[in-house]
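Q: Next one to model:
(2 chains)
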2 protein chains.
Amino acid sequence: MEFIINNDCFNKAISEVRKGISSKTPLPILTGIKIVVNKESVILIGSNSGIIIEKRIPLMIDGVKVLEIVQPGSIVIPANYLSEIVKKLPSDVHMKANEKQLITIQSDEIITHISGLNADDYPRLPDIQQNFCIKIGSNELIELFKQTMFAASSNEMKPVLTGVHMNFLDDKLVVVATNSHRLSRRELSIESDVNASIIVPRSSLLEFTKLFIDSGELKLFITNNYIVFQSKDMTLYSRLIDGVYPNTAGLIPKESKTRNRLTTNQFLKGIDRACLFASEWRNNNVNLSIVEGDKIKISSLASEIGKIEETQTIQMVEGQKELSISLDGSFLKDALKVIQEEEIMIQFGGSMSPIFIQPVGNPSFLQLISPVRTY
Amino acid sequence: MEFIINNDCFNKAISEVRKGISSKTPLPILTGIKIVVNKESVILIGSNSGIIIEKRIPLMIDGVKVLEIVQPGSIVIPANYLSEIVKKLPSDVHMKANEKQLITIQSDEIITHISGLNADDYPRLPDIQQNFCIKIGSNELIELFKQTMFAASSNEMKPVLTGVHMNFLDDKLVVVATNSHRLSRRELSIESDVNASIIVPRSSLLEFTKLFIDSGELKLFITNNYIVFQSKDMTLYSRLIDGVYPNTAGLIPKESKTRNRLTTNQFLKGIDRACLFASEWRNNNVNLSIVEGDKIKISSLASEIGKIEETQTIQMVEGQKELSISLDGSFLKDALKVIQEEEIMIQFGGSMSPIFIQPVGNPSFLQLISPVRTY
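A: Sure thing, here's the model as predicted:
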């Protein structure tokens, strides 16, 4: 195996596939990056038990030659050393591995030797069933995940809730995440005839949102155990979570006592300030109450330290003009942060019912937060 | 106590004095910021047992009114809350404390109440003896400290070595730091008739280098227990380290076997690469050897992983043209990083003698590094 590659290009690819590698792995070979060299490209693969990232570097990028293949072959190289070495090299990288897996990396007068591992011992990639293919724009999909995945649970006791539920229903994709105290749900119209209901780990989607920014149209494949996201030069495989996702459709409240229209950003800033003292509490308690008919009072109290309160004008109030409810301030902050619309409609069903948040003018996105009981 | 202050200005001052505050302090009152309001200014004070930072905010800054005093007085406020609250407030801050130390902070419709502490319980500032005053430019002094303090010891077993030795000899200031394996020494011509030898904690000088950037001419005061740095609006008091600093003058080698002139930045990059494997070793071993009469080979080896080596051309070699020495690569990196001159002269006295590094054309700055024994 031998090739000469543009330094920047190699660096970028290494840092991308490294995101798939965990330093804590029961399989030592997975601490390495697998490099496969064929006649037209170099392919880098990084993986842990949950995700696999595959990056392909072609001979030319945008009409510029970035790679010269001398000898096809494959090898596994410790990821941390490869990454650190290539970062510090001054110019094109000349990489060679002999049959004893001894790797030589040269750049100008700098020569490095490292021991590699046999590429045959690296786990095989899952097969992609080409018939279950869906096409979606990368940025649309990233937005969809960012608006939902934060609501998933971080508690491993209920594994299905640590994932995000993706429900493909012909030409509609419904994505839901919940930790059973809050819920976020987004819909997207897609061109597809796939019907599938899968649960994807939040951690995989987090990597997805970092790796596929501005990657154009993606192909999605669903297999028994994996969801696969594929762009022109990168493929991310994520293992699915086994189990049945709870039926969340019934949670959406049918009616409300009070509907309030608020300015998203101003309300978010108010909640952020109230959280300052709320964080001293077990549940980040922030109290919301409607005062003087058309104002909302945001307050929090930490008996040892002090209290903070402010009032904001409500754009529009419908229904009952009285209310007092306590919520987890950090849940409310998370919910407001992912809303891009200028205004939101908040519906309250009373101090013991979940609040229901929806951006004004966007019925495809909704969120629920349960109140905190305060005695 | 009551005043109205510009938000940005208050924010900046709080973040500056907070640097003096440690969250781990045996005196709970020191977790707070002392605010003293007089007719012409607001003074903020933050302190831990080692340093005290005092910041004065006048009524006007650059011709713009930033402060309005309503009622003089003083109070101590928990630093973390004050800092977080003021950061999140939208406009001018109106602050008030009543005789029960209850503080009200208001900005627009946002009202916060926090409990303060009695300012009389806050430790008094040390007295400054105005007769021991030296004037030095802030940036000159920062450079002086940055070029030396890194070499101090982090081992608390020998407290004097955790400090930096400042020796005022009439019109000369000599600053030395050493951990007994490496040493850095800088001289500066100053206008002063003070003779004093003091040891200042490295941690205080680190804060100094952050706080006094571009602060113009400073006044230095030396008291029995403190060194005091004073600019127009800020004063930093640092406690001194008790004890006698070792005599380091005799360590500077009189003669050398080999003198090599090298390009600072190129050599630094080579050492940085070699440190990649060196870090796997106990002593960050990097080997330097002169090869082919006019080249220096930089190499390091980690038996389990691999090795890295490169050769660089030496600008000029004087004396013996053979040498092989092992050094702590991170010490060498630290030494090279603080040299601003393009070229350095390295003198070797043999593989068991310390190396002596000096920027070409700057005799006021020199560094020593002891070799590592390799068996």
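Q: tell me the phi and psi of the spatially closest residue to residue A:343 that is not a sequence neighbour?
A: Excluding its sequence neighbours, the residue lying closest to residue A:343 (CB to CB, 6 or more residues apart in numbering or on different chains) is residue A:360, at 4.1 Å. Where C-beta positions appear, they are placed from N, C-alpha and C, glycine not excepted. As for residue A:360, its main-chain torsions (degrees, to the nearest 10) stand at phi -70, psi 120.
Q: Tell me where the stretch 201-350 of chain A has helices.
A: A:202-211, A:264-278, A:329-337 (DSSP state H, counting those that start in this stretch).
Q: related to what we said a few turns ago, can you pull the contacts of the residue nearest to residue A:343?
A: A:261, A:341-345 (CB atoms under 8 Å, 6 or more residues apart in numbering or on different chains).
Q: For the helix or strand hosting residue A:46, list the C-alpha coordinates in PDB.
A: In this structure, residue A:46 sits in strand A:41-47 according to DSSP states H and E. Once non-C-alpha atoms are left out, strand A:41-47 reads as follows in PDB (Å, rounded to 0.1, in the frame of the first residue of the first chain):
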ATOM      1  CA  SER A  41      -9.400   6.600  -4.300                       C
ATOM      2  CA  VAL A  42      -8.300   6.300  -0.700                       C
ATOM      3  CA  ILE A  43     -11.100   5.400   1.700                       C
ATOM      4  CA  LEU A  44     -10.900   6.000   5.500                       C
ATOM      5  CA  ILE A  45     -13.100   4.200   7.900                       C
ATOM      6  CA  GLY A  46     -13.600   5.000  11.600                       C
ATOM      7  CA  SER A  47     -16.000   3.100  13.900                       C
END
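Q: Following element in sequence after it, please.
A: Using DSSP H and E, the first helix or strand after strand A:41-47 is strand A:51-58.
Q: Just the buried residues of that following strand, please?
A: A:51-57 (16 or more other CB atoms under 10 Å in any protein chain shown).
Q: between that strand and strand A:41-47, how many degrees?
A: With axes from the mean of the first three to the mean of the last three CA atoms, to 10 degrees applied, the angle from strand A:51-58 to strand A:41-47 works out at 170 degrees.
Q: Give the pairing partners of strand A:51-58; include direction for each.
A: Applying DSSP bridges, strand A:51-58 is found paired with strand A:41-47 (antiparallel), strand A:234-239 (antiparallel).
Q: For residue B:255, find the nearest of those.
A: Nearest of the strands paired with strand A:51-58 to residue B:255, taken as CB to CB: strand A:41-47 at 53.3 Å.
Q: Quick check: closest non-adjacent residue to residue A:59.
A: Nearest one to residue A:59, counting by CB to CB, 6+ apart, is residue A:67 at 5.0 Å.
Q: isn't that neighbour right next to residue A:2, touching?
A: No. With contacts defined as CB atoms under 8 Å, residue A:67 does not count as touching residue A:2, sitting 11.8 Å away.
Q: quick one, which of these two is more surrounded?
A: residue A:67 (20 against 16; other CB atoms under 10 Å in any protein chain shown).
Q: low pLDDT regions in the stretch 201-350 of chain A?
A: Flagging of the stretch 201-350 of chain A using pLDDT under 70 yields the residue ranges A:279-283.
Q: Near chain B, which residues of chain A are found?
A: When proximity is defined as CB under 8 Å from any CB of the partner chain, chain A approaches chain B at A:78, A:81, A:84-85, A:88-90, A:103, A:108-115, A:269-270, A:272-273, A:276-277, A:304-312.
Q: from those, which would you call buried?
A: Buried among those (16+ other CB under 10 Å): A:78, A:81, A:84-85, A:88-89, A:103, A:110-114, A:269-270, A:272-273, A:276-277, A:305-306, A:308-312.
Q: follow-up on the earlier one: any chance of the buried residues of strand A:51-58 in TSV, plus pLDDT and distance to residue B:188?
A: Shown next, in TSV, are the buried residues of strand A:51-58 (pLDDT from 0 to 100; distance: CB to CB, whole Å):
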residue	pLDDT	distance to residue B:188
A:51	95	56
A:52	97	58
A:53	98	53
A:54	97	57
A:55	98	53
A:56	98	57
A:57	98	52
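Q: I'd guessed residue A:219 sits against residue A:234; true?
A: No. When contacts are counted by CB under 8 Å, residue A:219 is not listed as touching residue A:234 (11.3 Å).
Q: More neighbours: which of those two?
A: The residue with more neighbours, out of residue A:219 and residue A:234, is residue A:234; 19 against 16, by other CB under 10 Å.
Q: State the distance from residue A:301 to residue B:86.
A: 20 Å (CB to CB, to the nearest Å).
Q: of those two, who's got more company?
A: residue B:86 (21 against 18).
Q: Where does that one sit: helix, strand or coil?
A: Put simply, residue B:86 is helix when judged by DSSP: H, G, I helix; E, B strand; the rest coil.
Q: what's the pLDDT at it?
A: Predicted confidence (pLDDT) at residue B:86: the value is 95.
Q: Let me see the contact set for it.
A: Going by CB under 8 Å, 6+ apart, the list of residues near residue B:86 reads B:7, B:10-11, B:14, B:93, B:105.
Q: Between these, identify the one with the most neighbours.
A: Highest count within the contacts of residue B:86 by other CB under 10 Å belongs to residue B:10, 24 neighbours.
Q: Skipping adjacent residues, who's closest to the residue in the stretch 101-250 of chain A positioned nearest to chain B in space?
A: Nearest residue of the stretch 101-250 of chain A to chain B (CB to the nearest CB) works out as residue A:114 at 3.5 Å. Distances taken as CB to CB, 6+ apart place residue B:306 nearest to residue A:114, at 3.5 Å, with adjacent residues excluded.
Q: And for residue A:123?
A: Going by CB to CB, 6+ apart, residue A:123 has residue A:47 as its nearest residue, at 7.0 Å.
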